[in-house]
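Colleague: Below: sequence and its predicted model.
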Amino acid sequence: MGQDAPPVTAAPREADGRIGIGLRQPHHEAWLALRPPVDFLEIHPENYRDTGSAQYTDLETLRQDYAVSLHGVSLGLGNATLDAKPLACLCELNRRLEPLFVSEHVCWTAFRGHHFHHLLPMPFTRETHDRLTAHIQEVQDALRRPILIEPIAAYMRHREDDRDEVDLINGLAAATGCGILLDLTNLYVNARNHGEEAEDFLARIDAAAVHEVHLAGCRLNRFPDGHMWIDSHDTVVPDGVWSLYDTLCARMGPRATLLERDASLPALPELVDEIGRAQRRMQARTADVTG
Amino acid sequence: MSLASCQKAWAEALSAGQFDGADAWIDSDGLPSHRRLWIYHNQLRITWREALETTYPAIVSLTGSRYFRRIARDYGRWHKAPGGNLQDYGAALPAYLAQRPEISLYPYLPDVARLEWARSESVTAAEEPGIRLDALAAFDASAWPDLRLRLAASLRLVASPYPVARIWAAASGDAQHKEAARAGLQRREAAAIVLYRQRRAVVMETLPPSVWRWLLALTQDRRLADAVALACETAAALQSPFDLQDALAWAFARKLVTGIKSPAHEGLHPTHP
């Protein structure tokens, strides 16, 4: 989209207050058998690109009972160029599944055609803002809908930074009309790893642009020369993240909230219980905001 | 430092596992910058290794998990993944194994890896309805030589001078075949294997080489007459007959034919199940 093109319409707000769980392949059978009471399932589109596969058939069956959101991990918004093939796959899934949200990470994943399969951090600079703006617009034009962007957990900051992360993300939302997906575990991890204030992030982020919240587990890794909080997605949501969730709900009101668990998967009912906790906290904390 | 320079520095550090000079561009307040990069490097190695372990469980079993970790680490340095989808990461492992010097002691390993990769491709391939054998009757017999048969998307063909299906079964802990497979491990015994999916399970069958050659020609979009000629060539070399009627009955019974293409018609005809 060029500078003269009309702005992308903001993402709808009807998903506010809904709760969801990330759909992972080992849980397919349990989802199909139990149909637990959540509002939406989030998938990594990369795992469902083959629309004739048995995995995709499961997803289509579940789609009859649940809304779906697409949470990409490989588009590489911060790469020098966007690959056409994964973007085309994303467009196809968007057309077939009519998801609540389409989201991607604020990161890069490949350099000169060599892909790293990791969400790698970008410096917070004008050049990063410009590249991401162009690529977010390219994706939104292809999808004909706004996307959500997620600030990632990072284990370093660049010396080149000329702004902080909140300013970068708010600037991208303002420039492209995209929404924001706030992963509170990323905020929690980043605050501890870089001596930043997660509450300050929540106070300054554009609340109107925040459409979805992620909650996940993390771990403290100790090394001979120090320690680092790792965004591990392999354990329950820690108390510190729940506190941030209370703060967010009190400030912004209800938001679509998703539990992400990628490793050491427990039985599905345990995840349903955990996201139920988010629903109860959201209802308790947002009563004041919603009146 | 431009974004391109920054990403180049990252890419070089992650690829080589060399973190010298990182202080120039990483803010290392607290944990040293080389440790921060090591965390990414290590996570990447784990992600890649786990992706390979998921795709190649029989190779893990045959090499032992400790040795497989070395293979995974070295493959990570050798292979520049051309796409962002982790499902594709292991595609080049069979070729990589074939050029590792010590693999000459276990020459069947690259072919077992090819079999496992074919299985993983078959699992995620699209499911299409097969058509019935009597669909061929819609064509005049004089048109048959020019017909092209479209085969199921999940069909894969693997050939090897080693009994790779039995080796795979042994490595996969299939108790029923384990002993027999182990006995044949060192024997040089050619295998011509077809893989396809039925519902959620990947089926493997060992075929007569002539039938395997016939299927390979069909997957290459050859005319039926050309596919038969190639199958007969193989059959003659091995002094065993090729029977087209039997081969067609076998393929249609397994719903492996999903369409028939005729030069007289546009597209596929007929495609009804």
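Modeller: Structure received. Residues are numbered from 1 along each chain as shown, chains lettered A, B, ... in the order given.

Colleague: CA only for contacts and neighbour counts going forward, please
Modeller: Will do.

Colleague: what about the closest residue to chain B within the stretch 51-200 of chain A, how many neighbours?
Modeller: Residue nearest to chain B within the stretch 51-200 of chain A: A:G52 (3.5 Å; C-alpha to the nearest C-alpha). For A:G52, the neighbour count with other C-alpha atoms under 10 Å in any protein chain shown is 15.

Colleague: which phi and psi does the closest residue to it other than its chain neighbours have?
Modeller: Closest residue to A:G52 apart from its sequence neighbours, by C-alpha to C-alpha, 6 or more residues apart in numbering or on different chains: B:A126 at 3.5 Å. Phi and psi for B:A126, reported as degrees, to the nearest 10, are phi -70, psi 150.

Colleague: Next, the buried residues of the helix ranked longest in chain B.
Modeller: The longest helix of chain B (DSSP state H) is helix B:33-55. Neighbour-count burial for helix B:33-55 flags B:33-41, B:44-45, B:47-49, B:51-53, B:55 (criterion: 16 or more other C-alpha atoms under 10 Å in any protein chain shown).

Colleague: Checking residue 264 next. Helix, strand or coil?
Modeller: Going with chain A. Counting by DSSP: H, G, I helix; E, B strand; the rest coil, the backbone at A:S264 sits in coil.

Colleague: Chain B was what I was after
Modeller: coil.

Colleague: picking up where we left off before, quickly note the distance from the residue of the stretch 51-200 of chain A closest to chain B to B:A153.
Modeller: 9 Å (C-alpha to C-alpha, to the nearest Å).

Colleague: Give the residues shared as contacts by the two.
Modeller: B:A125, B:A126, B:E127, B:E128 (C-alpha atoms under 8 Å, 6 or more residues apart in numbering or on different chains).

Colleague: Verify the stated contact: the second one with B:Y196.
Modeller: It stands for B:A126. No - contact criterion C-alpha atoms under 8 Å: B:A126 and B:Y196 do not qualify, at 11.0 Å.

Colleague: So for the two, which sits in the more crowded spot?
Modeller: Neighbour tally, B:A126 and B:Y196, criterion other C-alpha under 10 Å: the higher count belongs to B:Y196, 25 against 18.

Colleague: all helices for chain A, in order.
Modeller: A:28-34, A:54-63, A:84-97, A:126-143, A:165-176, A:184-194, A:198-204, A:239-252, A:268-290.

Colleague: average pLDDT for the longest helix of chain B?
Modeller: Helix B:33-55 shows a mean pLDDT of 95.

Colleague: is it anywhere near chain A?
Modeller: Yes - against chain A, helix B:33-55 shows contacts by C-alpha under 8 Å from any C-alpha of the partner chain at B:S33, B:R36, B:I39, B:L44, B:T47.

Colleague: how about the helix or strand hosting B:A13: buried residues?
Modeller: Taking DSSP states H and E as the criterion, B:A13 maps to helix B:3-16. For helix B:3-16, burial by neighbour count (16+ other C-alpha under 10 Å) applies to B:L3, B:C6, B:Q7, B:W10, B:A11, B:A13, B:L14, B:S15.

Colleague: any idea which of those residues is the one closest to B:A169?
Modeller: Distance to B:A169, by C-alpha to C-alpha, is smallest for B:S15 among the buried residues of helix B:3-16, at 35.1 Å.

Colleague: Now the closest one. Nearest residue, chain neighbours left out?
Modeller: B:R77 (6.2 Å).

Colleague: Quick check: the one you found vs A:V102, distance?
Modeller: Separation of B:R77 from A:V102 (C-alpha to C-alpha) stands at 33 Å.

Colleague: more neighbours, those two?
Modeller: A:V102 (28 against 13).

Colleague: Now do the contacts for the nearest residue to that one once chain neighbours are set aside.
Modeller: Using C-alpha to C-alpha, 6+ apart and skipping the chain neighbours, the partner closest in space to A:V102 is A:L70 (4.7 Å). By C-alpha under 8 Å, 6+ apart, A:L70 lies in contact with A:E42, A:I43, A:H44, A:P45, A:N94, A:P99, A:F101, A:V102, A:S103.

Colleague: The fourth one contacts A:H71, doesn't it?
Modeller: Pointing back at A:P45 there. Yes - between A:P45 and A:H71 there is a contact at 6.6 Å, judged by C-alpha under 8 Å.

Colleague: give me the low-pLDDT residue ranges for the chain?
Modeller: Since you didn't name a chain, this refers to chain A. Counting by pLDDT under 70, the ranges of chain A that qualify are A:1-12, A:288-291.

Colleague: nope, chain B
Modeller: In chain B, residues with pLDDT under 70: B:174-188, B:265-273.
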